[in-house]
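J.: How does the following fold in three dimensions:
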Amino acid sequence: MTKLLSIILLILLIIIGGKRGLKTFITIYLNLLLIFLLIIIVGWGFNPTIPTFIICTIISIIILFFLNGTNKKTISSFISVIILLIIFYFITTIFNNNIYIQGYSEENIEEISYVIYDTGINMLDLSKCIIIIGLIGNIVDTSIAISSALYEVHINNKKLKLKELFNSGMNIGKDILGTTTNTLFFAYLGSCMTLLIFFQDFQYQPVSIINSKIFATEFTRIILSGIASFLIIPITSLIVSIYCTKEKHYEKNENNIRRSKSLSN
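T.: Numbering: from 1, shown residues only. Below is the predicted model:
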């Protein structure tokens, strides 16, 4: 059945997206292979922080450059994503150290009864890496959307200054923000449906639900993903604005040099 669904997805992507649809299909499976590779590396006992950062960087490269080509928009988006990943690592560290969401909860007792408790893996680092992996696709999509729209603004009006371009990027981000937040919320809510049914069947009280470790884990991931979606907007807007402004000054200097050469001749 999985193979059949994959074939249906491939056919639809090719019919609707053509060559780009085929690239999208290849990208999905390349990213899946990278995630499996990360799981294997972490399973060997390596600290998951550096492998996660490397894998997320490669995923960003595949999504941005393989799908959209190498241009100013994708380069700006890539720089923005890397900056956010670095910033967000420290944000997740602060939250995880204070909320203690790492490791297993009592609701996982049936799952952990079949495994060895001493896995040799730092659960705090693993928890941070899970959060970062969960948001990488969303921040890349948001970043390239803002970058593409802001470059169009720049091309149509090259007289705009850095601050004006940045404000335009923020306005574009505000339009994207609502749909992005809802997408994240319902994606996580859908993945938590089994957990919510579990709480209902065992008649958990609201206070018990809020204080349960597994609920705190999922809720924290939703909030952190939302924060990442917010932060990528000003970061991308600033990077693209700086890029466009420098490009404009470079073109102006080039034109002045050409004009002076023509006058001297």
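J.: Could you report the separation of the residue nearest in space to the middle of the chain from Tyr204?
T.: The centre of the chain sits closest to Ile136, judged by C-alpha atoms, centre = their mean, with a distance of 2.2 Å. Taking C-beta to C-beta, to the nearest Å as the measure, Ile136 falls 32 Å from Tyr204. (Each C-beta comes from the backbone N, C-alpha and C, glycine too.)
J.: The strand or helix carrying the residue nearest to the centre of the chain packs against which elements?
T.: Take DSSP states H and E as the rule and Ile136 turns out to sit in helix 123-156. Counting contacts by 3 or more C-beta pairs under 8 Å, 6 or more residues apart in numbering; DSSP states H and E, helix 123-156 packs against helix 19-43, helix 49-61, helix 72-99, helix 162-191, helix 213-264.
J.: Check whether Lys73 really touches Ser143, as I assumed.
T.: No - Lys73 is not in contact with Ser143 according to C-beta atoms under 8 Å; the separation is 9.6 Å.
J.: Looking at those two, which is more packed in?
T.: Neighbour tally, Lys73 and Ser143, criterion other C-beta atoms under 10 Å: the higher count belongs to Ser143, 30 against 23.
J.: tell me which element the closest residue to Leu22 other than its chain neighbours falls in.
T.: Spatial nearest neighbour of Leu22, excluding adjacent residues (C-beta to C-beta, 6 or more residues apart in numbering): Ile14 at 5.6 Å. Using DSSP H and E, Ile14 falls within helix 2-17.
J.: Give me the distance from that helix to the chain's centre.
T.: Here the centre of helix 2-17 is set off from its chain's centre by 24 Å, with C-alpha atoms, centre = their mean, to the nearest Å.
J.: Which positions in that helix come out as buried?
T.: Neighbour-count burial for helix 2-17 flags Leu10, Leu13 (criterion: 16 or more other C-beta atoms under 10 Å).
J.: Run through who's touching that helix.
T.: The contact list for helix 2-17, computed with C-beta atoms under 8 Å, 6 or more residues apart in numbering, reads Gly21, Leu22, Thr24, Phe25.
J.: now do stretch 67-87
T.: By C-beta under 8 Å, 6+ apart, stretch 67-87 touches 20, 23-24, 27, 53, 56-57, 60-61, 64-65, 132, 136, 139-140, 143-144, 147-148, 151, 228, 231-232, 235-236, 239-240, 243, 247.
J.: switch to 7 Å and redo it
T.: 23-24, 27, 53, 56-57, 60-61, 64-65, 132, 139-140, 143-144, 147-148, 151, 228, 231-232, 235-236, 239-240, 243 (C-beta atoms under 7 Å, 6 or more residues apart in numbering).
J.: on that earlier part again, so which of the helices and strands packed on helix 123-156 comes closest to Ile155?
T.: helix 213-264 (9.0 Å; C-beta to C-beta).
J.: Columns mean pLDDT and distance to Ser6 on top of the helices and strands packed on helix 123-156, output as CSV?
T.: Formatted as CSV, those follow (pLDDT from 0 to 100; distance: least, C-beta to C-beta, whole Å):
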stretch, mean pLDDT, distance to Ser6
helix 19-43, 85, 8
helix 49-61, 88, 19
helix 72-99, 82, 27
helix 162-191, 78, 21
helix 213-264, 71, 27
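J.: wait, which of those is closest to Asp125?
T.: Nearest to Asp125, of all those, is helix 49-61, at 5.2 Å by C-beta to C-beta.
J.: quick one: average pLDDT of the helix or strand just after the closest one?
T.: Using DSSP H and E, the helix or strand that follows helix 49-61 towards the C-terminus is helix 67-68. Average pLDDT, helix 67-68: 82.
J.: Show me how far helix 67-68 is from its chain's centre.
T.: The answer for helix 67-68 is 16 Å, by C-alpha atoms, centre = their mean.
J.: do stretch 164-173 as well
T.: 20 Å.
J.: Make 17 the first number, not 1, from now on.
T.: Got it, the first residue is 17 from now on, which makes the last one we talked about stretch 180-189.
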